[in-house]
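A.B. asks: give me the fold of what follows.
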Amino acid sequence: MKQIIFVCTGNIFRSMIAEFALRATPGHQLMASSAGTIARPQDMHPDLMAMLAERGMDCSMHQQTKLDAQVVDSADWLVAMGLDHQDYIRSQFGRHAPLFNALAYRVEEPVLDLHEALPDWQERPQAVRDYVRAVITHIWEGMPSLVHRVQTRFSDHRVVC
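C.D. replies: Model prediction:
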């Protein structure tokens, strides 16, 4: 089995959702994990946990992973959630990581983090819940296309820049 690692900043939102969405996607031979470029210890928001539970995912045991050389070396494919993650992977590890949206939707756009999409997020709790739900749906719905493209485009070799 090939290892795909989704990368975001904290590893408790976008990349973690992608990891769980890939695990829930049937009919592939990929192992899923995720990591964060910073991954400072922090709790996952209860609303996010509840929204993933609605999809049958128990993420209560998820442990943040910091992206380091060992994690990168274990990956057959790295998938970046944002442009900053692409740049970080390239500059720190010399690897290319396509954007999630490029693989899932054929658009060269990042999946924005909460503070990028909603700069005033702390004052708008309902907008936060709506955005989190939209990101979960976006990642979940894009995963079958991503799986198909990964398996056909990158079959039997490592993606190296």
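A.B. asks: which stretches in the protein count as helices?
C.D. replies: For the chain, applying DSSP state H gives helices covering 14-24, 46-54, 69-74, 83-93, 100-105, 114-117, 125-153.
A.B. asks: pick the most buried one from these.
C.D. replies: Most buried of those by mean neighbour count (mean count of other C-beta atoms under 10 Å) is helix 14-24; its value is a mean of 25. From N, CA and C alone the C-beta is placed, and that goes for glycine too.
A.B. asks: that one packs against which elements?
C.D. replies: strand 2-8, strand 30-36, helix 125-153 (3 or more C-beta pairs under 8 Å, 6 or more residues apart in numbering; DSSP states H and E).
A.B. asks: out of the ones you listed, which gets nearest to Ile89?
C.D. replies: Closest approach to Ile89 among the helices and strands packed on helix 14-24 is made by strand 2-8 (6.5 Å; C-beta to C-beta).
A.B. asks: the inter-axis angle of that closest one versus strand 30-36?
C.D. replies: Counting by axes from the mean of the first three to the mean of the last three C-alpha atoms, to 10 degrees, strand 2-8 lies at 30 degrees to strand 30-36.
A.B. asks: distance from strand 2-8 to the middle of the chain?
C.D. replies: 7 Å (C-alpha atoms, centre = their mean, to the nearest Å).
A.B. asks: so what touches that strand?
C.D. replies: 14-16, 18-19, 22, 29-37, 67, 71-72, 74-82, 85, 88-89, 97, 100, 111, 113, 150 (C-beta atoms under 8 Å, 6 or more residues apart in numbering).
A.B. asks: where does Arg158 land on pLDDT?
C.D. replies: On pLDDT, Arg158 comes in at 46.
A.B. asks: low-scoring pLDDT stretches of this structure, where are they?
C.D. replies: 154-161 (pLDDT under 70).
A.B. asks: switch the cut-off to 80
C.D. replies: Applying pLDDT under 80 to the chain flags residues 153-161.
A.B. asks: what about the residue lying farthest from the centre of it, distance to Met31?
C.D. replies: Distance from the C-alpha centroid of the chain, by C-alpha atoms, centre = their mean, peaks at Glu123 (25.8 Å). Per C-beta to C-beta, to the nearest Å, Glu123 is found 40 Å from Met31.
A.B. asks: could you dump the helices and strands packed on helix 14-24 to TSV with distance to Leu52?
C.D. replies: Below are the helices and strands packed on helix 14-24 laid out as TSV (distance: least, C-beta to C-beta, whole Å):
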stretch	distance to Leu52
strand 2-8	14
strand 30-36	13
helix 125-153	7
